[in-house]
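>>> Return atomic coordinates for the entry below.
(chains A and B)
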Amino acid sequence: MAYSDKVLDHYQNPRNVGSLDKDDPNVGTGVVGAPECGDVMKLQIQVDNDGKISDAKFKTYGCGSAIASSSLATEWLKGATVDSAAEIKNTQIVEELSLPPVKIHCSVLAEDAIKAAIDDWRAKNGTAKDDAAPPANESKTGESKTGQTTS
Amino acid sequence: MKTPIYLDYSATTPCDPRVVERMLPFFTDTFGNAASRSHAFGWTAEAAVDEARKQVAQLIGAHPKEILWTSGSTEANNLAIKGAAEMYAKKGNHIITTATEHKAVVDTVKHLETQGHRVTWLPVDGKGHIDLQELEAAITDETILVTLMTANNETGLVHPIAKIGEICKRKGTLFHTDATQAPGRIELDVEAQNVDLMSISAHKMYGPKGIGALYVRRRNPRVRLTAQIDGGGHERGMRSGTLNVTGIVGMGQAARLAREEMATEIPKLAALRDRLEQRVLAALPDAVINGDPASRLPTLTNISFPYVEGESLIMGVKELAVSSGSACTSASLEPSYVLKALGLNDELAHSSIRFSLGRFSTEEEVDFAADRIVAEVTRLREMSPLWEMVQEGVDLSKVKWTVH
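Presented below is the predicted three-dimensional model:
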């Protein structure tokens, strides 16, 4: 399969690989996907006091398009407000990276990861939207984190 | 050293220059139709075909008259299985095989299943072996064919063909083996191994693509097949169509070279394969060798790399021509059905790579390949949330994933 130059660039030089402290109250973490599906994305945002995303990091297990989608997402997140970040759509990622139809799920996963990270941050900071109460958020974004606790 | 480095000899091999040299005159000067009985052009072609038939027969311990030319292994498998099913329909309609066969067998058998044949799909263990007692117990009076490959194309696992052949002979059922991966790599002897039908292909043994052969036993028992391609009655009426003389001559030469050089070539390649494997495992001790190291092709290793994904790994080692156990690149997003049949979880199946070495592989290439794989796996692990979790002591099997 031919990858676009942008996918190749992000794959070879991924931006913002790494981790933020998931216990930091200013950090929101989203982990989406599953190993058996071939992709898992962890996306983290650090939000400053005026609701701006000051830093974003990712780690991705997945194909080149999944790595590129999450790398691109962190680029877009940095400097954005939480509210505008929540508006990022997978179709924008598809367009920017010229993803073929078979790789669209990678962009969907990246959008899910962004939303999960934002939900996690909101849950921590009590700024959850009315239609998504913190416990419900916990069950969605907190699942993998709950599972991560060392046994 | 030229890149990309070819480590996919189980997919196909380049033609040996000595094969090409032997083939060339048959494109131009000696271009006759082997079926032309009335002039020298035909006689020359027929003589060349006979010579090649002898060379292929010698490679597998057969009589030249038992070699039937086909377009390759896929056609040979189709002819053996469908031809036997049709010919012996009066005897029964039961076929025995496994799920880890090549698609050319799996899909042919599935086709017969839709036509009303009864099929037993023998399970395999974690290494890919069938249970011989289970095989024996599965054979009934209705069984007309057991079809089990000699060596698996993905893991290199070599089945105990002689034992399987002995069971089939004793129970009175025909035994077909898809030996595509085997010639020149392991010893084949249709007599000693009690094989009734064997499929082989030229392009896996340094011959050209588009030519293969089906061995059809002539005595004890005499195997008969219903033709699947009708026409001029070539190949004892079992496979019509003007013979691909050029390809046949190439396959004959390839078979001769395989037979003559196997004894020196194989120990060299096995040592190179072991070197590759050891170099990778020394740096990545949690890498997993798939298949059975005690019974496999000397030229192949299939390794899973936990915590990294196969397609991204392949993408990262562009300098290497290798195969991925994940079929993502063919757009189906499915991990290998062979590795899944061995019980590998999807994650490990996704991250497996098949390295297959051949006649022109060198130590320098193997070292370079091992180092590239290690470097890329290490880079991708740094990027992998799974690797991070494992380093933190998380048991990945206990994580509740958001399956999409």
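>>> Now do B:Ala321 against B:Gly231, distance only.
From B:Ala321 across to B:Gly231, the span is 38 Å (C-beta to C-beta, to the nearest Å). (C-beta placed from N, C-alpha, C; glycine too.)
>>> Looking at the two, which one has more neighbours?
Set side by side, B:Ala321 and B:Gly231 show more neighbours around B:Ala321, with 18 against 11, by other C-beta atoms under 10 Å in any protein chain shown.
>>> Thought B:Tyr9 was touching that one, still the case?
No. Taking contacts as C-beta atoms under 8 Å, B:Ala321 lies outside contact range of B:Tyr9: 9.7 Å.
>>> For whichever helix in chain A runs longest, which helices and strands make contact with it?
Taking DSSP state H as the criterion, chain A has its longest helix at helix A:104-125. On a contact count with 3 or more C-beta pairs under 8 Å, 6 or more residues apart in numbering or on different chains; DSSP states H and E, helix A:104-125 meets strand A:27-34, strand A:39-47, helix A:64-77, helix A:82-85, helix A:90-97, helix A:134-148.
>>> Okay, buried residues for that helix please.
A:104-124 (16 or more other C-beta atoms under 10 Å in any protein chain shown).
>>> That one to strand A:39-47, inter-axis angle?
40 degrees (axes from the mean of the first three to the mean of the last three C-alpha atoms, to 10 degrees).
>>> Alpha carbons of helix A:104-125, in CSV - could you do that?
What follows is helix A:104-125, C-alpha atoms only, in CSV (Å, rounded to 0.1, in the frame of the first residue of the first chain):
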residue,chain,number,x,y,z
ILE,A,104,-10.2,5.8,8.1
HIS,A,105,-10.6,3.9,11.3
CYS,A,106,-7.2,5.2,12.4
SER,A,107,-8.5,8.8,12.2
VAL,A,108,-11.7,7.7,14.1
LEU,A,109,-9.5,6.3,16.8
ALA,A,110,-7.5,9.6,17.0
GLU,A,111,-10.7,11.6,17.4
ASP,A,112,-11.9,9.2,20.1
ALA,A,113,-8.5,9.5,21.9
ILE,A,114,-8.8,13.3,21.9
LYS,A,115,-12.3,13.2,23.3
ALA,A,116,-11.3,10.6,25.9
ALA,A,117,-8.4,12.8,27.0
ILE,A,118,-10.6,15.9,27.2
ASP,A,119,-13.3,13.9,29.1
ASP,A,120,-10.7,12.7,31.6
TRP,A,121,-9.4,16.2,32.2
ARG,A,122,-12.9,17.5,32.6
ALA,A,123,-13.8,14.8,35.0
LYS,A,124,-10.7,15.6,37.1
ASN,A,125,-11.5,19.3,37.1
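>>> from the chain's centre, how far out does that helix sit?
Chain-centre distance of helix A:104-125: 5 Å, with C-alpha atoms, centre = their mean, to the nearest Å.
>>> quick one: the helices in chain B?
B:17-23, B:40-60, B:73-87, B:103-114, B:132-138, B:161-171, B:245-283, B:310-316, B:337-341, B:346-350, B:363-382, B:385-391.
>>> May I have the fourth one as PDB, with CA atoms only?
Output for helix B:103-114, consisting of C-alpha atoms alone and laid out as PDB, is shown next (Å, rounded to 0.1, in the frame of the first residue of the first chain):
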ATOM      1  CA  LYS B 103      -5.400 -21.000   0.500                       C
ATOM      2  CA  ALA B 104      -5.000 -23.100  -2.700                       C
ATOM      3  CA  VAL B 105      -6.000 -26.100  -0.700                       C
ATOM      4  CA  VAL B 106      -8.300 -24.500   1.900                       C
ATOM      5  CA  ASP B 107     -10.400 -22.800  -0.700                       C
ATOM      6  CA  THR B 108     -10.500 -25.800  -3.000                       C
ATOM      7  CA  VAL B 109     -11.700 -28.000  -0.200                       C
ATOM      8  CA  LYS B 110     -14.200 -25.400   1.000                       C
ATOM      9  CA  HIS B 111     -15.500 -25.300  -2.600                       C
ATOM     10  CA  LEU B 112     -16.100 -29.100  -2.400                       C
ATOM     11  CA  GLU B 113     -17.700 -28.700   0.900                       C
ATOM     12  CA  THR B 114     -20.300 -26.400  -0.700                       C
END
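>>> Just the buried positions in it, please.
For helix B:103-114, by 16+ other C-beta under 10 Å, it's B:Ala104, B:Val105, B:Val106, B:Thr108, B:Val109, B:Leu112.
>>> Looking at these, which is nearest chain A?
For chain A, the nearest member of the buried residues of helix B:103-114 is B:Val106. The distance, counting by C-beta to the nearest C-beta, is 22.6 Å.
>>> right, and the closest one touches B:Ile95 too?
No. Contact between B:Val106 and B:Ile95 fails when scored by C-beta under 8 Å: they sit 11.6 Å apart.
>>> what's the helix or strand for A:Lys6?
A:Lys6 belongs to helix A:5-12 when assigned by DSSP states H and E.
>>> what angle separates that helix from helix B:363-382?
Going by the same axes, to 10 degrees, helix A:5-12 makes 90 degrees with helix B:363-382.
>>> still on that earlier bit, could the helices and strands packed on helix A:104-125 be laid out in CSV, adding mean pLDDT and distance to chain B?
Shown next, in CSV, are those (pLDDT from 0 to 100; distance: least, C-beta to the nearest C-beta, whole Å):
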stretch, mean pLDDT, distance to chain B
strand A:27-34, 96, 3
strand A:39-47, 96, 4
helix A:64-77, 96, 5
helix A:82-85, 96, 19
helix A:90-97, 97, 12
helix A:134-148, 41, 4
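>>> right, and the ones you listed - which one's nearest B:Gly156?
Nearest to B:Gly156, of all those, is helix A:64-77, at 27.5 Å by C-beta to C-beta.
>>> quick one: buried residues of stretch A:87-101?
A:Ile88, A:Asn90, A:Gln92, A:Ile93, A:Val94, A:Glu96, A:Leu97, A:Leu99.
>>> what sits up against that stretch?
A:1, A:4, A:6-7, A:10, A:65, A:68-69, A:72-73, A:76-77, A:104, A:106-108, A:110-111, A:114 (C-beta atoms under 8 Å, 6 or more residues apart in numbering or on different chains).
>>> Near B:Val280, how many other residues are there?
Neighbour tally, B:Val280, other C-beta under 10 Å: 23.
>>> so what's it closest to, chain neighbours aside?
The shortest distance from B:Val280 to any non-neighbouring residue, by C-beta to C-beta, 6 or more residues apart in numbering or on different chains, is to B:Ala370 (5.0 Å).
>>> From chain A, how far out is that neighbour?
With distances taken as C-beta to the nearest C-beta, to the nearest Å, B:Ala370 is found 21 Å from chain A.
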